[in-house]
Structure formats: structure tokens, C-alpha cells
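Asks: I need the structure of the sequence given here:
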Amino acid sequence: MSLLMVLFVIVVSTMSANPVTGFTPEEEAALSSNKESFEFQAEVNRLMDIIINSLYKNKEVFLRELISNASDALDKIRFLALSSPTALGDKKDLDINISFDEEKHTLTIRDTGVGMTRNELVQNLGTVAKSGTSNFVEALSEGADMSLIGQFGVGFYSVYLVADRVRVVSKHNDDEQYIWESTADSSFSVAKDPRGDTLGRGTEITLFLKEDALEFLKQEKLEELIQRYSEFITFPINLYKKTQVPAELEHDTPDEEEEGEGESSEDGLEVEEEDEETIAEAKAMAGKVDHWDWHRVNSNVAIWSRDKEDVKDEEYQSFFKALTKDPAAEASTWIHFKAEGEVEFRSILFAPSSAVGVYDNYAERRAGVRLYVRKVLIQEDFEDLLPKYLNFIRGVVDSDDLPLNVSRETLQQHKILKVMGKKLVRKALEMLRKLATGHDEDGEGEDANKETNPDVKGHDNSHPYIKFWEEFGKSIKMGITEDSANRSKLAKLLRFRSSFAEDRYRSLEEYINDMPEWQNDIFYISGENVESVKRSPFMEVARKKNVEVLYLVDPIDEYAFQYLGEFDGHKLQSLTKEGAKFGDDDEEIIKKRAKLYKETFKPLTKYLKELFGTKVVKVSVSQRVETSPCVIVTSQYGNTANMERIMRAQTFANIENMKAMAATKSLELNPRHPIIVELKKRVVDEPDAQSTKDLAWLLFDTALLTSGFQQEDVESYSERMYRTIATNLKVESLDLEEELEVPVEEEEAEEAAASGSEESSKDEL
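Replies: Model prediction:
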């Protein structure tokens, strides 16, 4: 290829790198001589300072504002075309094109919208805070469905966050093409474009970027910003970007490397593996050239704006992947709705199928709902719409009439936010309720998840809601503690294993439906795991009476039940607290029997109370247990043994504070157990004997452990255990025996004596 041809290719490729026709020196001179200068109708210097330092938090929002303005202009021309078919003319394509020039430090946003006349350029861009969109909407007849974004007329001036000079070229159907230009000082200029009509229709904004804003000339940065803020804009947004394509070589280049077992460098040394990779990449790049072309960036569709009947499940899943930016993510369920009334908005909410990362830092985790206004992203993690316990929910909310402040970055504090939040929470819980029960949105229909076999209680792990529950059940329980307004709805979403379904999950509604008529309370027992609560002595009577008991084995379960208190008029009753009554026995008979036992065992209960002192608040006879000799219960409003364990395990648990918050313990004796009967005899016959005291303490120690409490005085406990073992072995004294004398052989004695003599000689020398 000749040198002249190479230069020609370079020139052509350089010219093609800029998709927008620039100005020649002659055109620039003609433009300068033809300018009309105007004064801004505001204290611009002060206003620009406000815009740059106060109004916008991030520089990058300028691109969102310009794209939003371009979208408004396209909406206007589309609306006008409904009544005037000639409005579009030859420019049928409605799109937004963005290009950049790294050498000239310029960024250009061009649309094929309605454009502006000379007077509109002066009025709309020359009067700060005068919105052309507002004027256009006011001119429309009432009832017209227009989704225009601009309200305040200051969005355009966000360009001065990144540019020190701006040039606006605009062509309206009713006027010639004009150029507006300003450097953000107190004046601007307007001139007829010396090039004539180059746009056909629309507006082209060119930003001459500041030195500290050159990052916005990187195509990766531009692509990321467009996708973040404007990916759901109705009109195509095209970016003029560079890609690598295979070069069309005129002649095949012979392979200079010889085939062999390994590659070598020119000096014969073996090439390292990293060098081989570098060489391979260089070869791959050598066969490619830079190619500039338009690429659409906003390929995602705002499916929330469509009717839910028209959206397929595959589209919902695809949209969820786009929201999470995870191609492997799956939604377990979703709800798509349009809210009307005091505020109108459209929304899609998703419940993910995996809780990975959700609970790693629960307190600091941001909300997952994006807030849009007319398909333009306002905030990616808006926290005022959903409470923290629903921060696993993903979705979008889009409204046409939110009270935005001028920067669009935050919403004005308004009661509308509370209204929206209430509706979103209600819909989110409705979505989960439907997943759990199979009911449609109005609550009608058969329970799609009801078991066909009436003997099978609850749902196993294959049920869709149980899969969700095992991932996000903690969030529902947190909602019980945090959201009093929706507590009853959240309670219907709770699921627990129980004594009737140890390998399945039961709801509180199912529990109530299966209760015998005589049962009033919902009984539960809390512990570290299913095995420990299943073996608890508190389960003995419940098992005998065939009463279902819920197993609370998650640390947050008891917290949730403390806030819930009751469900559907039925009290939540812990089996490990005093006052638990099953309701099947005759109260009069129970009272008479209790009175007889109390009198019979009064010597024992009095003795034990005096012996244990402050360890227990009282000792009484009870029929709470069936086969165990005794249990330790706590007061109705105190902490259970399980709650003490949880608080003790907390990172910042204070031992002294723990003692102050320790549960008040009551020892309840089983009067029918032979150990209790025999201990009563011992107390009467030998109250002062150490063995009697040790047996009484051993009874307390065992009850403490089987009831789930921790043994605090381990030293005293150990001493009592050893004494009890000694008594059973008939050991009279715990004093240690004399040490055994080790016999010394005669040869060993002689060697020892000889060694001693040798050492003595050394000392004399």
C-alpha cells in the first residue's frame, strides 16, 4: 500500500470518528459575525454557583437531565404528529444520539424531537427556570396523556457542572436552524446557522468539557450512565462507540513461527507462560482494527408500563435479571400492579429466590426498589417506600405526578410518600400471601397449596413458599417486631415446625384449625434446635394430651412472639413459663387436687425454698410434668432459659447486666414421682444430713440443665456431685490416700551409690 493511500485512510478514519459535522474556520467566522448577544434574565453567576454546589450532588446527573429533555422533545413531536401528519416530515426516526470527541474534549447529545425556534431558544434557554415543557403542557387541552419530565426549567443548566462552554443547535419545523451559545457568564448569543439546515429537525447540544470532567469522554463511563439512569426511556438511545473488528487484509501474512514442541524467543530462551499469553493477545489484536458505529444502549423495556396480562413469565424473569445485574438470578414470585387514587403509580415487586448477602449486614443494607419518574431513574435505592425488613424485595416504582424538587435527586417530603409506602407494603405482603396460600389477589378461590391427604399436616421443603421461608423467614419475623400496622398480616406468613410436623412447616392458621374444641391457647417451646425441644420435660404433658406444640428454634422466634402476643384471639403460651393451662381438665378437680398435694408436700417445698434461697422465687407442687421429677419454669413476663442463652451469646453481652436481667426461676415438683416422694421422707427424717442437702441440690441442678438453663456455680456443683458419688460408693472420707513407696532394686541402689561417690570426688577436686 502506498504512503499516499495510507495517509488517505488515516484522514478518512479520523473524519469518520466524529459522527456530527463540525464547523469549518469559515463557518466559525460567519457565525461570529452574525451573532446577537443577550443578557440572561437572572443573576446567572449566583444561580450557577447554586446549581454547581448545592442543587446537584453528582456531576453525572447532567447526562440524565439532557436525555430527559431530549425525551420530552421527542414526545412533543410525536404528540404533534397525531394531529399533523406532516410534522415528522422526512425525519421519521425518533431517537437520541450521543457522541464524543476525546481530542476536542466535546460531548454531543442530539435528538430528532420538536426542536426550538429562535425565539424559543432565547426564551427557554435565556430565562433561567423557565420550562418549555411546562409551557407545552399548559398549552395542551385537558386530558391529553403526555409523559413529559421537565418541570422547573433548570435541568439544562446542569451542563455547567462539567462544561465551561455549551453550544445548542436547534431546528424547528416553523423556523430556520439557529445556534445558541454561552459560557455560563451573564450573556449568551443566538445566530442563524451558517451551514444551513443540517439537522432536518431537532436539537443538538455540544458540551465543551472542563479539564476535571474528561472522564465523561470515556465510552464505558457514558454507557454505564445511560444504562443506569435512562435504560427504560421509550426512545432509542444510541452511542457512537468504538469496537474492535477483524481487518480485511489484502495479502495473507506468512506465519513466521515454526511449528515445534515449544515457543522460543529470538535469543533461544524459553518463553514463559505469561509471555505466551501476551503474544497471543498481541496476535489477536494485530488482526483487528478500530471501528466506529452507532450502538443502542437502552435495550431494556419498561415492562411495568404494560398491562400484566400482556407480560409473559419469561419477560418478568428477564427483567428481574436486569434489575439485579445477575444473569443467574431467579425470582420466586412477583406482583405487577397499578395504584390509583390519591397518587397514581405503576410498580413491579419481586421476591428473590436466594438470600445470599441479605443478612450479612442487615442494619446497613440499602433498599432494593428503584424510583422512576416517567421512566427516568430518580433514585436507585429509595429507602422511604419499603421498611427495612422488606429490604430483600427488588422492583421498580414509576409515577407521573410525584412532587419532585428541582434536582430530581430527592423527593419533597410529602404525605404522598406515606401513601405510596403503605400501598407498596400491602402489595408486597399480598404477593407473599399468594405465594403461601395460592389465593388470588382478592383473596378468593381455593387454597392451591392445601394437602390432599388430611392426615398430612403442613408443607415440606418442596413447596414454593417454604423455599422462600427458609431463605427470608427472618425478614418476616423482623417485620413482626418492627411493623405494628401490618403485624396481623405478617403473622399469617409465619411458619414453624411442630410436635405434629417435625419435618414439615405449619402456619398459625393451620394450628388453630386443628385445635381441639377445649383448647384456647397456642402452645410453643423455644430452644436451640428441634432435638433439644423435642426431649424437653415440658413436652411430656402436651404429648400425653395430644396437644400440638410449635418449635421455636430460631434465635429471633421468641422476640417475634413477644411482640405478637396472640393470633386470631388465641394467646401464644410458652410451655416453659408458669401459668400454662391446657383447658381439658375440670378446673374444680384441679384446684382440689392441687390443694391436697400442697398440704402433703409442704415440708419438702418449705425445706427446698430455704435451702435454695435466692436461686428460686418459689417451690411448688405441679402437674406440669408427667415422667420427670421436676422442672424449672420462669415468670409469665420474664425471660425464658432460651432467651437467656441468646442474650448471653451476644457479642457485647455484659455479664453483670445479664445477672440483673436473669429470669426469675420457680421449681415445680412432680408429686407422683418416686424421687420426690422419697426425698420428702428424707427431709422429714434427716433434714440436716449433708446427703439430704446434696440430693436436694442435685435435684435442682438436674432440673436446671433439663429446663435449658446454664449452671453458673460449677465449683459447688462439682463438689456436690463428688460427695454424692462417694456416698453411693460408701466412701467414708474424701481425704487422699498416702503415696505408694516405689521399691528400689539392689543393682539400682549400688549404681546410685557409685554415682554419688563420683560426684563427691569431683567436688573435692
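Asks: show me where pLDDT drops low in the stretch 501-650 of the chain?
Replies: Scanning the stretch 501-650 of the chain for pLDDT under 70 picks out 585-587, 650.
Asks: swap the cut-off to 80 and go again
Replies: Confidence mapping of the stretch 501-650 of the chain against pLDDT under 80 gives the ranges 579, 583-591, 623, 637-638, 646-650.
Asks: so which residues of it form helices?
Replies: Ranges of helices in the stretch 501-650 of the chain, per DSSP state H, counting those that start in this stretch, are 508-513, 530-534, 539-544, 557-564, 587-600, 602-612, 641-649.
Asks: compute the number of surrounding residues for residue 197.
Replies: Using other CB atoms under 10 Å, the number of residues around residue 197 comes to 10. Quick note: C-beta positions are derived from backbone N, CA and C, even for glycine.
Asks: re the thing from before, which one of the helices of the stretch 501-650 of the chain lies closest to residue 681?
Replies: helix 602-612 (9.2 Å; CB to CB).
Asks: pull out the buried residues from the closest one.
Replies: Within helix 602-612, the residues that qualify as buried are 604-605, 607-609, 611-612, counting by 16 or more other CB atoms under 10 Å.
Asks: between those, which is closest to residue 699?
Replies: Checking the buried residues of helix 602-612 against residue 699 by CB to CB gives residue 608 as the nearest, at 8.2 Å.
Asks: measure the closest one to residue 678 for me?
Replies: 14 Å (CB to CB, to the nearest Å).
Asks: do the same with residue 687
Replies: Residue 687 is 14 Å from residue 678, by CB to CB.
Asks: residue 542 now?
Replies: 27 Å.
Asks: neighbour count winner among the two?
Replies: A count of neighbours by other CB under 10 Å puts residue 542 above the other of residue 542 and residue 678, at 20 against 12.
Asks: for the closest residue to that one other than its chain neighbours, which residues are in contact?
Replies: Nearest residue to residue 542 in three dimensions, chain neighbours excluded: residue 549, at 5.0 Å (CB to CB, 6 or more residues apart in numbering). Residues counted as contacts of residue 549 (CB atoms under 8 Å, 6 or more residues apart in numbering) are 498-499, 523-525, 539, 542, 575.
Asks: and those residues as JSON lines, adding distance to residue 323?
Replies: Formatted as JSON lines, the contacts of residue 549 follow (distance: CB to CB, whole Å):
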{"residue": "498", "distance to residue 323": "37"}
{"residue": "499", "distance to residue 323": "42"}
{"residue": "523", "distance to residue 323": "43"}
{"residue": "524", "distance to residue 323": "38"}
{"residue": "525", "distance to residue 323": "41"}
{"residue": "539", "distance to residue 323": "46"}
{"residue": "542", "distance to residue 323": "47"}
{"residue": "575", "distance to residue 323": "45"}
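Asks: so which of the residues you listed is the closest to residue 721?
Replies: Residue 721 lies nearest to residue 539 out of these, by CB to CB, at 26.6 Å.
Asks: from residue 625, how far off is the closest one?
Replies: Residue 539 is 9 Å from residue 625, by CB to CB.
Asks: can you pull out the helices in the stretch 51-200 of the chain?
Replies: Taking DSSP H, counting those that start in this stretch as the criterion, the stretch 51-200 of the chain contains helices spanning 61-83, 118-120, 126, 132-139.
Asks: go through those and find the least confident stretch.
Replies: Sorting the helices of the stretch 51-200 of the chain by mean pLDDT places helix 132-139 lowest, at a mean of 50.
Asks: what is the burial count for residue 171?
Replies: Residues lying near residue 171 (other CB under 10 Å) number 24.
Asks: OK, contacts around it?
Replies: By CB under 8 Å, 6+ apart, residue 171 lies in contact with 115, 177-178, 197-203.
Asks: out of those residues, which are buried?
Replies: Buried members of those, counted by 16+ other CB under 10 Å: 115, 177-178, 199, 201-203.
Asks: quick one on the thing from earlier: out of the contacts of residue 171, who's nearest residue 421?
Replies: Nearest to residue 421 among the contacts of residue 171 is residue 203, at 38.0 Å by CB to CB.
Asks: so the closest one, which of the three states?
Replies: Three-state assignment for residue 203 (DSSP: H, G, I helix; E, B strand; the rest coil): strand.
Asks: how about residue 244?
Replies: strand.
Asks: any idea what the closest residue to it other than its chain neighbours is bridged to?
Replies: Counting by CB to CB, 6+ apart, residue 244 lies nearest to residue 288, which is 4.3 Å off, once chain neighbours are set aside. When assigned by DSSP bridges, residue 288 has beta-bridge partners residue 246.
Asks: residue 239 versus residue 288, what's the distance?
Replies: From residue 288 across to residue 239, the span is 20 Å (CB to CB).
Asks: low-confidence ranges in the stretch 201-350 of the chain?
Replies: In the stretch 201-350 of the chain (pLDDT under 80), the answer is 244-288, 300.
Asks: could you list the domains of the protein?
Replies: Per automatic domain parsing, the structural domains of the chain span 23-240, 303-437, 464-574, 587-728.
Asks: and the second one, how far out from the chain's middle?
Replies: Domain 303-437 sits 12 Å away from the centroid of its parent chain (CA atoms, centre = their mean, to the nearest Å).
Asks: for the stretch 401-550 of the chain, what spans make up the strands?
Replies: 496-498, 501-506, 522-526, 549-552 (DSSP state E, counting those that start in this stretch).
Asks: in CSV: these, plus distance to residue 207.
Replies: What follows is the strands of the stretch 401-550 of the chain, written out as CSV (distance: least, CB to CB, whole Å):
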stretch, distance to residue 207
strand 496-498, 60
strand 501-506, 59
strand 522-526, 63
strand 549-552, 61
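Asks: got the contact list for the residue lying closest to residue 494 once chain neighbours are set aside?
Replies: Leaving aside its sequence neighbours, residue 494 sits nearest to residue 508 (CB to CB, 6+ apart; 6.0 Å). Counting by CB under 8 Å, 6+ apart, residue 508 makes contact with 491-492, 494, 522, 567-568.
Asks: highest neighbour count among these?
Replies: Result: residue 494 is most packed of these (other CB under 10 Å), 24 neighbours.
Asks: next up, phi/psi of that one, please.
Replies: phi -70, psi 150 (degrees, to the nearest 10).
Asks: likewise residue 629?
Replies: Here residue 629 shows phi and psi, under degrees, to the nearest 10, equal to phi -70, psi -30.
Asks: roughly how far does it sit from residue 114?
Replies: To residue 114, residue 629 is 90 Å away according to CB to CB.
Asks: okay, the two: which has more neighbours?
Replies: The neighbour count for residue 629 versus residue 114, taken as other CB under 10 Å, is higher for residue 114 (28 against 21).
Asks: could you say which helix or strand contains the closest residue to residue 195 other than its chain neighbours?
Replies: Spatial nearest neighbour of residue 195, chain neighbours left out: residue 27 (5.8 Å); criterion: CB to CB, 6+ apart. Secondary structure from DSSP states H and E places residue 27 in helix 25-33.
Asks: quick one: distance of that helix to the chain centre.
Replies: Computed by CA atoms, centre = their mean, the separation of helix 25-33 from the middle of its chain amounts to 57 Å.
Asks: can you list the strands that the helix or strand just after that helix pairs with?
Replies: Following helix 25-33 in sequence order, the next helix or strand is strand 36-39 (DSSP H and E). Applying DSSP bridges, strand 36-39 is found paired with strand 187-192 (antiparallel).
Asks: which residues of the stretch 201-350 of the chain fall in helices?
Replies: Under DSSP H, counting those that start in this stretch, the stretch 201-350 of the chain gives helices at 219-230, 273-286, 313-324.
Asks: the helices of the stretch 501-650 of the chain: which one's closest to residue 162?
Replies: helix 557-564 (50.0 Å).
Asks: what packs against the closest one?
Replies: Applying 3 or more CB pairs under 8 Å, 6 or more residues apart in numbering; DSSP states H and E, one finds that helix 557-564 contacts helix 464-482, helix 487-491, strand 522-526, strand 570-574, helix 641-649.
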